[in-house]
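>>> Structure of the sequence below:
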Amino acid sequence: MSQPQEFEKVLSGSASSVAHFEEGRSPLQRLQHFLHSNPAMVPLIVLVVLVVFFGIAKGEKFFSAYTLTLIMQQVAVVGILAAAQTLVVLTAGIDLAIGVIMVFAFVIMGNAVLHYGMPAPIAIVMGFAMAGFWGWVNGFLVSKLKLPPFIVTLGTWNVVMAICLIYSANETLREADLTAITGWLHFYGLNFKVGKAVVTLGVVAMILLYVALWYMLNNTAFGRHIYAVGDDMDAAELSGIRTSRVLIGTYALAGLIAGLAAWVSIGRNGSISPSTVVTDYNLQAITATVIGGISLFGGRGSILGVLFGTLIVGVMSMGLNMMNADPQWKVLLTGVLIIGAVAVDQWIRKVSG
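Got it, this is the predicted structure:
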């Protein structure tokens, strides 16, 4: 037998073996492989189920343009923070300080305008700079000093919150005072109509952010490096990736995104209060990230899944409110979804072949 014929026979045999292996998979194994390749599908399925359930329960009232756009408005800030949290979790880390960084950023913005008379654009840049700085600090401590992300961000949560309260004297800046000076801080509270739907610029900012991050994670070297570092840092270093630079850049970018959340929050809420319950923002952002299919072990997940996870939280909250359900049902169902998301992630990670 000639060498080309022998080579063709080997290839033919290999193809048959692969085909036989594919046919030998059970439906459950095929589902496991499908979800492994499409991590955004689980939160999308859950979102569709919830929408259908509440749609049947409340009918046209739930599907009204007003209700659907109100859900988007309510989740805009949490959705932006969840996007920041996602970047960190993809590196196998976590940022417990992301919410308080957002609060400090909008306190800086408001005080710079109201008390120091600075132009609003400069005040906004200062808020972004402060948020990015604390993100950089987290990244530096994690990458250079090799400290655990959980401990680092828990520490900076306390440090930033204390500095924020001391600096602001826990003073609430009222919407009327801020609006009288400038409308720039409330830019993301502006809205426009699409048919009967009222869409705020904050919602537009959230959607554009997800589109930009999706492109970055899937089509740039930095995005691929984030996945590589989270999947196996040692292997990433051996392949030539500067893991320290990736970690610092990721945490700093997460901080800047928290600055955007601060600006959108001012537009959404009007006033600025340093006593904002940042723990809720942190937990909601982490919840949306986990429900959105991002693996807490790092290196796997889709940013679009996080958008679906954010909408799941919003749809569930709105639906239960419309049904006049006890608020504790929301807490219970959120816990069930978190545990279920982690269990599904563990199951998907066991995929072989």
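>>> Mind jotting down where the strands sit in the chain?
Using DSSP state E, the strands found in the chain span residues 191-194, 197-200.
>>> looking at it, V142 is touching I151, isn't it?
No. Counting by Cβ atoms under 8 Å, I151 is not a contact partner of V142; they are 9.5 Å apart. (C-beta placed from N, C-alpha, C; glycine too.)
>>> More neighbours: which of these two?
Using other Cβ atoms under 10 Å, the more surrounded residue of V142 and I151 is V142, with 25 against 12.
>>> What ranges in the stretch 251-353 of the chain fall below the confidence cut-off?
Counting by pLDDT under 70, the stretch 251-353 of the chain has low-confidence residues at 271, 275-279, 351-353.
>>> try it again with 80
By pLDDT under 80, the weakly predicted segments of the stretch 251-353 of the chain are 269-280, 345, 348-353.
>>> before we move on, what about the chain?
1-25, 28-29, 31-39, 58-60, 170-183, 195-196, 269-280, 345, 348-353.
>>> So which of the strands of the chain is the most surrounded?
Highest mean neighbour count of the strands of the chain: strand 197-200, a mean of 17 (counted as mean count of other Cβ atoms under 10 Å).
>>> what packs against that strand?
Under the contact criterion of 3 or more Cβ pairs under 8 Å, 6 or more residues apart in numbering; DSSP states H and E, strand 197-200 touches helix 65-90, strand 191-194.
>>> Point out the most buried one among the ones you listed.
Greatest average neighbour count among these goes to helix 65-90 (a mean of 24), per mean count of other Cβ under 10 Å.
>>> Now do that helix: which elements does it pack against?
Counting by 3+ Cβ pairs under 8 Å, 6+ apart, helix 65-90 packs on helix 98-114, strand 197-200, helix 201-219, helix 221-231, helix 243-269, helix 278-291, helix 303-322.
>>> relative orientation of the first one and helix 278-291 in degrees?
When you say that, I think you mean helix 98-114. For helix 98-114 against helix 278-291, the angle by axes from the mean of the first three to the mean of the last three Cα atoms, to 10 degrees is 130 degrees.
>>> one step back: with distance to G183 as extra columns, can I get the helices and strands packed on helix 65-90 in TSV?
What follows is these, written out as TSV (distance: least, Cβ to Cβ, whole Å):
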stretch	distance to G183
helix 98-114	11
strand 197-200	14
helix 201-219	12
helix 221-231	35
helix 243-269	10
helix 278-291	25
helix 303-322	27
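>>> Which one, of those, ends up nearest to G132?
helix 243-269 (4.5 Å; Cβ to Cβ).
>>> Give me the buried positions along the closest one.
If you call a residue buried by 16 or more other Cβ atoms under 10 Å, then helix 243-269 has these buried ones: 243-244, 246-268.
>>> swap in stretch 104-118?
In stretch 104-118, the ones that count as buried by 16+ other Cβ under 10 Å are F104, A105, F106, V107, I108, M109, G110, N111, A112, V113, L114, M118.
>>> Now flag whichever of the residues you listed is closest to S168.
So of the buried residues of stretch 104-118, ranked by how close each gets to S168 (Cβ to Cβ), first place is V107, at 5.0 Å.
>>> Double-check that closest one against Y167; I have them as touching.
Yes. If you go by Cβ under 8 Å, V107 and Y167 touch, sitting 7.0 Å apart.
>>> tell me the contacts of the residue lying closest to A228 once chain neighbours are set aside?
Of all residues not flanking A228 in the chain, A236 sits nearest, at 4.3 Å (Cβ to Cβ, 6 or more residues apart in numbering). Taking Cβ atoms under 8 Å, 6 or more residues apart in numbering as the criterion, A236 is in contact with H225, A228, V229, T243, V246.
>>> In contact with I122, which residues are there?
The contact partners of I122, by Cβ under 8 Å, 6+ apart, come to A112.
>>> quick revisit: okay if I get the contacts of A236 as JSON lines plus distance to G309?
Shown next, in JSON lines, are these (distance: Cβ to Cβ, whole Å):
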{"residue": "H225", "distance to G309": "24"}
{"residue": "A228", "distance to G309": "23"}
{"residue": "V229", "distance to G309": "22"}
{"residue": "T243", "distance to G309": "27"}
{"residue": "V246", "distance to G309": "24"}
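>>> Number of residues surrounding T220?
Using other Cβ under 10 Å, T220 has 11 neighbouring residues.
>>> quick one: it from A212, how far?
Applying Cβ to Cβ, to the nearest Å, the value for T220 to A212 is 11 Å.
>>> Also N191?
As judged by Cβ to Cβ, N191 and A212 stand 22 Å apart.
>>> now swap in V198 and tell me
Applying Cβ to Cβ to V198 and A212 gives a distance of 24 Å.
>>> cool, G249 as well?
G249 sits 15 Å away from A212, taking Cβ to Cβ as the criterion.
>>> What of G301?
Look at G301 and A212: by Cβ to Cβ, they are 17 Å apart.
>>> Comparing these two, which shows the higher neighbour count?
More neighbours surround G301 than the other of G301 and A212, with 27 against 12 (other Cβ under 10 Å).
>>> Ramachandran angles for the more buried one?
Main-chain torsions, G301, degrees, to the nearest 10: phi 140, psi 160.
>>> surely it meets T86?
Yes. Using Cβ under 8 Å, G301 is in contact with T86, at 7.2 Å.
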